[in-house]
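[1] Mind looking at a prediction? Sequence and model below.
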Amino acid sequence: MAADLFETVGDARPSRETIAEGAALLRGFARPFEAELIPALRTIVKQAPFRHLITPGGHRMSVAMTNCGSLGWVSDPSGYRYDPIDPDTAKPWPPLPDVLRKLAASAAADGGFHGFAPEACLINRYVPGAKLSLHQDKDELDYGAPIVSVSLGLPAIFLFGGLKRSDTPRRYRLEHGDVAVWGGSSRLFYHGVAPLADGEHGVLGRQRINLTFRKVR
Ligand code: MD6
Ligand code: FE
């Protein structure tokens, strides 16, 4: 059969997609960092293990979390906050490795935000069935900086709405190595992650890892 005119070799998804003003998906952007990135993450989670945080409403989150950087995002019954100390280990969070700093800054620049210097990297682990309800990222003091979000492991459906919780979200499939950069007029858009479908990833197994880099103050 003759090749279809619109067929492309390899990955048919565009390498960069603007999904709103200030928001872009950079397909495969993290792949060149992978060989350094994954060992760095293994070191971090040995020092600051994943844990299931409790929301202010008293619910245990299905996504397990940890952090690296000078500040970490935490939730407990008293509220959400950024804390320089890991409440589980009573020690500072592991430092942000150079490879993560470089990945975050170069992705932000590619998305149009130059000079991005994150203080916090929130590391999320999803197992099949885990999800993240629609929310806004609004615990930071500096909304001028974007958020850079790196997806690793199993693919997920990212839900991306608007400024109101009632705005119907669009759905984007995020795969291993994809990066979302998020700022400007969409910085406070509601977003979430649909329940993770079961599967086995060649590098990370039966899980999805998401890194979100934030400039907090
Ligand atoms: C996740 N991400 O992809 C969760 N927030 O696992 C987020 O909550 C997020 O991807 C702000 C900007 C980009 C994101
Ligand atoms: Fe978020």
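    Sure, I can see it. Ligands and ions are numbered 1, 2, ... in the order given.
[2] Do a quick rundown of the helices in the chain.
    34-47, 98-110 (DSSP state H).
[3] Report the buried residues of the longest one.
    Of the residues in helix 34-47, E34, L37, A40, L41, I44, V45 count as buried by neighbour count, 16 or more other C-beta atoms under 10 Å. C-beta coordinates here come from the backbone N, C-alpha and C atoms, glycine included.
[4] what inclination does that helix have with respect to helix 98-110?
    Per axes from the mean of the first three to the mean of the last three C-alpha atoms, to 10 degrees, the angle that helix 34-47 makes with helix 98-110 is 120 degrees.
[5] Can you spell out which helices and strands pack onto helix 34-47?
    For helix 34-47, the helices and strands in contact under the criterion 3 or more C-beta pairs under 8 Å, 6 or more residues apart in numbering; DSSP states H and E are strand 64-69, helix 98-110, strand 120-126.
[6] about what we covered before: out of the buried residues of helix 34-47, which comes closest to ligand 1?
    Checking these against ligand 1 by C-beta to the nearest ligand atom gives L41 as the nearest, at 14.3 Å.
[7] circling back to that earlier point, if we compare the helices of the chain, which one ends up closest to S149?
    Closest approach to S149 among the helices of the chain (C-beta to C-beta): helix 98-110, 9.0 Å.
[8] Would you mind putting the helices and strands packed on helix 34-47 into JSON lines with mean neighbour count and distance to G162 alongside?
    JSON lines is the format used below for the helices and strands packed on helix 34-47 (neighbours: other C-beta atoms under 10 Å; distance: least, C-beta to C-beta, whole Å):
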{"stretch": "strand 64-69", "mean neighbour count": "24", "distance to G162": "26"}
{"stretch": "helix 98-110", "mean neighbour count": "19", "distance to G162": "22"}
{"stretch": "strand 120-126", "mean neighbour count": "24", "distance to G162": "23"}
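[9] Between those, which one is closest to ligand 1.
    Using C-beta to the nearest ligand atom, these put strand 120-126 closest to ligand 1, at 4.7 Å.
[10] how far is the closest one from where the chain is centred?
    7 Å (C-alpha atoms, centre = their mean, to the nearest Å).
[11] which secondary structure elements does it contact?
    Using 3+ C-beta pairs under 8 Å, 6+ apart: strand 120-126 touches helix 34-47, strand 64-69, strand 72-76, strand 208-214.
[12] want to throw these into CSV with mean pLDDT?
    What follows is the helices and strands packed on strand 120-126, written out as CSV (pLDDT from 0 to 100):
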stretch, mean pLDDT
helix 34-47, 98
strand 64-69, 98
strand 72-76, 97
strand 208-214, 98
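[13] With distance to ligand 1 added, can I get these in CSV?
    Formatted as CSV, the helices and strands packed on strand 120-126 follow (distance: least, C-beta to the nearest ligand atom, whole Å):
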stretch, distance to ligand 1
helix 34-47, 14
strand 64-69, 10
strand 72-76, 10
strand 208-214, 3
